[in-house]
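Kindly generate the corresponding structure for this input.
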Amino acid sequence: MSWNNAALVLPASLTAIRQQAEGVLGQVPGVMTEATSRLTALAERAQYRRHPLSDEAAALLGLRAELDALLATGRQLTVTPFMHNVGQQQDSQWTLSADAAVKALAAKLRDGADPLHPTGEQHAVGWLVTSNHPTELANALAALCPWLPLPAWCAALRRLQVASDTMTLPSAPKAPYWTPDEPLTWDPLRAGRRLVGAELAQLESLAADQATPIERLSQLASRRQQHLTHLVEQLDQLARLEGQLWCWYGTGSIEALAAQLEQSGPPAAQSQTVGALLLSPSPLTFWQELTP
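Presented below is the predicted three-dimensional model:
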């Protein structure tokens, strides 16, 4: 077809779905009012039992606050061999010793010119991944990054993996560039789908009364059991962490932390290193217990 100049209109396909749904949903207020009146008349005769585990669950409601406390707000520093003025280039290879990585982190703590320079008492957690060869560092990061995906570490891993195959030179794609396959859900489709989808959810709810209340309660109990089983399986899988790194902890002012870092005694004779430093005014309980 040829190109046409067109104005934007709400697609008829979306309008048709809405009109069909509202033909039934428009009757809902009257039906619900009548049903509510019947339930109100029965309220005095109804007796409801609490769940047998309700009291035990209520005693553990404070666990939500404990879980939320694990999410500390803070800042992160990372160093890799490929960072400007951090790593050193020797021939075609970039290197960064563990000692130089720690010195770079300590120097950044003293960088008062940075507008994001932290102040006050801080809790700190430091990590180092070291090796003597780029391939060994890539293998170590390949095991760690799925569980600890720090962006700079993942970028260093990609750089190391590409560098390991120097004979491969991929051809550059031409502009413009394709995006990966993804739902094409910009507005007004996004808003229309959300609003009409909410109406369809009401239709689906009305249609669900083909099952008796007892059957629906049985299905709900079965779904809860399946969901709990799935959560346990996912948490068991999360507990199978892999990877090895050097860790360091500190507490104090920024200057005190810089001094502690300089005296921390990083592993020697390691020419390939990536490092990270987490800072927060709050205790970094989760991240410290991640590397006990």
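
Near Ser92, how many other residues are there?
7 (other CB atoms under 10 Å). For every residue, glycine as well, the C-beta is placed using N, CA and C.

How confident was the prediction at Ala163?
Ala163 carries a pLDDT value of 64.

Next: Pro81.
The model's pLDDT for Pro81 equals 91.

separation between it and Ser2?
Noted for Pro81: a distance of 56 Å to Ser2, by CB to CB, to the nearest Å.

Between those two, which is the more surrounded one?
Set side by side, Pro81 and Ser2 show more neighbours around Pro81, with 24 against 3, by other CB under 10 Å.

my read: that one touches Ala98, true?
No. Taking contacts as CB atoms under 8 Å, Pro81 lies outside contact range of Ala98: 11.4 Å.

Give me the common contacts of these two.
Thr273 (CB atoms under 8 Å, 6 or more residues apart in numbering).

excluding its backbone neighbours, what's nearest Trp147?
Leu241 (5.1 Å; CB to CB, 6 or more residues apart in numbering).

now do Leu71
For Leu71, ignoring the flanking residues on the chain, the nearest one in space by CB to CB, 6+ apart is Phe286 at 7.9 Å.

least trustworthy helix or strand in the protein by mean pLDDT?
Within the chain, no helix or strand scores below strand 88-90, which has a mean of 81 by mean pLDDT, DSSP states H and E.

List the pairing partners of that strand within its sheet, with orientation.
strand 93-95 (antiparallel) (DSSP bridges).

On the C-terminal side of the strand it pairs with, identify the next helix or strand.
helix 98-109 (DSSP states H and E).

Show me what the very next helix or strand once past that next one is packed up against.
Heading C-terminal from helix 98-109, the first helix or strand you meet, by DSSP H and E, is strand 122-131. Strand 122-131 is packed against helix 98-109, helix 134-144, strand 246-252, helix 254-262, strand 272-280, with contacts defined by 3 or more CB pairs under 8 Å, 6 or more residues apart in numbering; DSSP states H and E.

How confident was the prediction at the spatially most central residue of the chain?
Residue closest to the mean C-alpha point of the chain, counted by CA atoms, centre = their mean, is Pro149 at 9.8 Å. pLDDT, Pro149: 92.

about what we covered before: the residue nearest to Leu71 and Asp68 touch, don't they?
No. If you go by CB under 8 Å, Phe286 and Asp68 don't touch, sitting 11.4 Å apart.

Who has more neighbours out of those two?
Phe286 (13 against 8).

Next, find the distance separating the more buried one from Asp55.
30 Å.

Kindly report the same for Asn139.
Asn139 is 51 Å from Asp55, by CB to CB.

between the two, which one's more packed in?
Neighbour totals were compared for Asn139 and Asp55, and Asn139 leads with 14 against 9 (other CB under 10 Å).

contacting residues for the residue nearest to Leu71?
Applying CB under 8 Å, 6+ apart, the residues near Phe286 are Leu70, Leu71, Ala72.

Buried subset of these, written for PyMOL?
Those of the contacts of Phe286 that count as buried under 16 or more other CB atoms under 10 Å are selected in PyMOL with:
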select buried, resi 72
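
Just the closest of the contacts of Phe286 to Leu14, please.
Leu71 (39.5 Å; CB to CB).

buried sites along stretch 148-156?
Leu148, Leu150, Ala152, Trp153, Ala155, Ala156.

Surely the fifth one touches Thr78?
Put plainly, it is Ala155. No. The criterion here is CB under 8 Å, and Ala155 misses it with Thr78 at 9.3 Å.
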